[in-house]
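> Quick one, what's the 3D model for this:
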Amino acid sequence: MLIHLKLFADLRKYLPEGSELITADVQADKGATVESVLSELGVPLDHCRLILVNGLTYVEREQWLVIELKDGDSLAVLSKMH
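Numbers count the residues shown, from 1 in each chain. Next comes the predicted model:
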């Protein structure tokens with residue numbers, strides 16, 4: 001399935017090669033979660049501050065880790081400020 005991904009600030013470096021600025025379309029297995037998609041790209045989960053799935057905002061890590069994504073979903077991730 002295809003996920004529309006946006007990684008902001010210092011997380012952009014984890015986008016696949018050839019991505020445009022902050023966005024990429026990434027392939028994920030059916031039943032993939034936010035955690036599995038980000039982990040596969042090497043995104044350090046403890047650097048994620050705010051997650052948006054199809055425009056809905058999740059702040060609590062326990063909430064967004066287990067969200068199951070569907071084909072065509074949009075996933076945006078903002079990093080913690082260091």
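> In the lowest-mean-pLDDT helix or strand in the chain, which residues are buried?
Least confident helix or strand of the chain, by mean pLDDT, DSSP states H and E, is helix 61-64 with a mean of 89. Buried residues in helix 61-64, defined by neighbour count with 16 or more other CB atoms under 10 Å: W64. (Each C-beta comes from the backbone N, C-alpha and C, glycine too.)
> likewise stretch 72-82?
73, 75-79.
> Let's have those residues in JSON lines, adding distance to P16, secondary structure and pLDDT.
Conversion of these to JSON lines gives the following (distance: CB to CB, whole Å; DSSP: H, G, I helix; E, B strand; the rest coil; pLDDT from 0 to 100):
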{"residue": "D73", "distance to P16": "17", "secondary structure": "coil", "pLDDT": "98"}
{"residue": "L75", "distance to P16": "14", "secondary structure": "strand", "pLDDT": "98"}
{"residue": "A76", "distance to P16": "16", "secondary structure": "strand", "pLDDT": "97"}
{"residue": "V77", "distance to P16": "14", "secondary structure": "strand", "pLDDT": "97"}
{"residue": "L78", "distance to P16": "19", "secondary structure": "strand", "pLDDT": "95"}
{"residue": "S79", "distance to P16": "18", "secondary structure": "strand", "pLDDT": "92"}
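> tell me which of those is nearest to L21?
Of all these, L21 sits closest to A76, with 12.9 Å by CB to CB.
> Poorly predicted segments of this protein, please.
For the chain, the stretches with pLDDT under 70 are 82.
> Do you have the strands of it handy? List them.
With DSSP state E as the criterion, the chain has strands at 2-7, 23-27, 48-53, 56-58, 74-79.
> Would you work out how far apart the start and end of stretch 20-40 are?
19 Å (CA to CA, to the nearest Å).
> who touches that stretch?
1-8, 12, 15-16, 18, 41, 45, 48, 51, 53, 64-69, 71, 75, 77 (CB atoms under 8 Å, 6 or more residues apart in numbering).
> Dump the strands of the chain to CSV, plus distance to T33.
Output for those, formatted as CSV (distance: least, CB to CB, whole Å):
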stretch, distance to T33
strand 2-7, 11
strand 23-27, 14
strand 48-53, 10
strand 56-58, 12
strand 74-79, 10
